[in-house]
Structure formats: structure tokens, C-alpha cells
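[1] Generate coordinates for the sequence data below:
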Amino acid sequence: MFKKVLAVFVSALFLGVTGAAAQAVITFKKSNHNFGTFKESEPQSVEFVFTNTGDKPLVIQQALASCGCTIPSFSQEPIAPGKSGKVKVVYNGKGKFPGQFKKSISVRSNASNELVRVFIEGNMVAETPQQKKSE
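    I've put the predicted structure just below:
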């Protein structure tokens, strides 16, 4: 009787430990995007594709940009293991300081690597008053 109880206890403990180890893992195809040189009147966008390389559904909880000129949006539905989703980032620097920039987007999820950052960068060129009038 004791051996049966012990066997059931050990089995339950083992299953509990292996079940707890199952988790989502977010893996981005690329974590940096360079827009190159562009005019301030031309908002730029990019989609960062990721895959759930874990064994539980992945849920993105939030994506926060390092400034107000960068707007992230993301897949709202759970991403099954082996499936992909995306974080879309739009950069609109109109009226901001021209020149080189690098911005980060922090992606928080239920994955084992719960906080991952992706980056956008580029060189925004200010428009002259003549260019603005011709638009």
C-alpha cells in the first residue's frame, strides 16, 4: 500500500514539475530595422514578425515605445506554439527634431523571455518651406 501511494505521489510530483516547465517563448525574426533617409512628411512603418517557439500559447500584453512619435500595435489573439504574429511600428517624426534617431519598442508577454526590445532607426530629413508649399 505504501509503495502505491509513494508511486502516485512521485508521478504527480514529476508531472507537476514538467507541466510547470512548459512555457511560451517569443522569438523575433529580426530585432532592428533601419528606415534609411526619409523626409519628415513621410511616416515610416515596419512589421516585426515573431514566432512562438515555446510549447504554450503566447499572449502579448503590451508594446511600449520610447517616444510619442513611435506607435506600436500588435497581434491581440493568443499565438499557438509554432505560429507567428507581428508587432507593427509606425514612426511619424513630423514636427520633431530632424536627423539620426534610434527608438526602442518594449514588448511584454507571458513568454519565458517576458520583456523583449526591438529597435527602429533612421535619418529623418527636415523639409524646406518650399517643399512644404508644394505638397
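[2] Please identify the pairing partners of the helix or strand encompassing Val107 and their relative orientation?
    When secondary structure is defined using DSSP states H and E, the element that contains Val107 is strand 99-109. Within its sheet, strand 99-109 is paired with strand 60-65 (antiparallel), strand 115-125 (antiparallel), according to DSSP bridges.
[3] out of those strands, nearest to Ser45?
    Among those, strand 115-125 comes nearest to Ser45, with 9.4 Å by C-beta to C-beta. Every residue, glycine included, has its C-beta placed from N, CA and C.
[4] What average pLDDT does that closest one get?
    Along strand 115-125, the predicted local confidence has a mean pLDDT of 98.
[5] Can you list the buried residues in whichever helix or strand Gly36 is part of?
    When secondary structure is defined using DSSP H and E, the element that contains Gly36 is strand 32-39. Neighbour-count burial for strand 32-39, with 16 or more other C-beta atoms under 10 Å as criterion, is recorded at 33, 35.
[6] Same check on stretch 38-51?
    Judged by neighbour count (16+ other C-beta under 10 Å), stretch 38-51 contains these buried residues: 40, 44, 46, 48, 50-51.
[7] can you list contacts of stretch 76-85?
    Contacts of stretch 76-85 with the rest of the structure, by C-beta atoms under 8 Å, 6 or more residues apart in numbering, involve 24, 49-60, 74-75.
[8] which two in those are spaced the farthest apart?
    Spanning the widest gap among the contacts of stretch 76-85 are Asp55 and Phe74, at 21.2 Å by C-beta to C-beta.
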